[in-house]
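S.K.: Need a 3D model of the sequence below.
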Amino acid sequence: MALEKGITANGAGYNGTQWNILGQVYFPKAVSEDSFAFETNSAPGQFVPVHIHPTQDEFILVQEGELDLKLDGKWFKAKAGDLVRMPRGIPHGYFNKSETPCRALFWVSPAGKLEDLFKQLHDKSDIGEIVRLSAEHDVDFLPPEAND
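M.R.: Predicted coordinates:
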């Protein structure tokens, strides 16, 4: 799939798409075979547990607020304007431990199966099902103690 030219408006997803993934709002921004970009909006206390993308490099550009990141077993803090680089195969998770919302632009390369995964996770709440679907789409969650 080739990258479609154009602009995806601030606070919106392309073609008006948005997903609710465990309470966080995700807006797809651009997709092609080579890359998939999406915006997240994380309220205080929201997070994505430590996981691995074995076939994708992932990046986060924090736009507003801050995120605490567990990256390869160590804790880091990313603030507005910071770019986080997460090479494929490296365990990582992000956590909004602050008292303010965080908005960030994420992208992965290559796109892989991530957009399809987000479509399937929309409005799901069963954690076991989310972990199973994620593994089928090349996203492997680590045991809960990896988040400590």
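S.K.: Can you list the residue ranges for strands in the protein?
M.R.: 19-21, 24-31, 36-42, 47-52, 57-64, 66-71, 74-79, 83-86, 92-95, 102-109, 140-141 (DSSP state E).
S.K.: Rebuild the ones you listed as JSON lines, extending it with mean neighbour count.
M.R.: C-beta: built from backbone N, CA, C; applies to glycine. As requested, the strands of the chain are exported to JSON lines (neighbours: other C-beta atoms under 10 Å):
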{"stretch": "strand 19-21", "mean neighbour count": "17"}
{"stretch": "strand 24-31", "mean neighbour count": "19"}
{"stretch": "strand 36-42", "mean neighbour count": "22"}
{"stretch": "strand 47-52", "mean neighbour count": "19"}
{"stretch": "strand 57-64", "mean neighbour count": "18"}
{"stretch": "strand 66-71", "mean neighbour count": "20"}
{"stretch": "strand 74-79", "mean neighbour count": "13"}
{"stretch": "strand 83-86", "mean neighbour count": "15"}
{"stretch": "strand 92-95", "mean neighbour count": "22"}
{"stretch": "strand 102-109", "mean neighbour count": "20"}
{"stretch": "strand 140-141", "mean neighbour count": "17"}
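S.K.: of all these, which lies closest to residue 122?
M.R.: With respect to residue 122, and counting by C-beta to C-beta, the nearest of the strands of the chain is strand 19-21 at 4.3 Å.
S.K.: Give the rounded mean pLDDT of the closest one.
M.R.: In this model, strand 19-21 carries a mean pLDDT of 96.
S.K.: by contact count, what packs against that strand?
M.R.: On a contact count with 3 or more C-beta pairs under 8 Å, 6 or more residues apart in numbering; DSSP states H and E, strand 19-21 meets strand 24-31, helix 114-121.
S.K.: Present the strands of the chain as a markdown table; the columns should include distance to residue 121.
M.R.: As requested, those are exported to a markdown table (distance: least, C-beta to C-beta, whole Å):
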| stretch | distance to residue 121 |
| --- | --- |
| strand 19-21 | 5 |
| strand 24-31 | 9 |
| strand 36-42 | 12 |
| strand 47-52 | 11 |
| strand 57-64 | 16 |
| strand 66-71 | 20 |
| strand 74-79 | 23 |
| strand 83-86 | 19 |
| strand 92-95 | 16 |
| strand 102-109 | 14 |
| strand 140-141 | 12 |
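S.K.: of the ones you listed, which approaches residue 126 most closely?
M.R.: Ranking the strands of the chain by distance to residue 126, with C-beta to C-beta as the measure, places strand 19-21 first at 12.7 Å.
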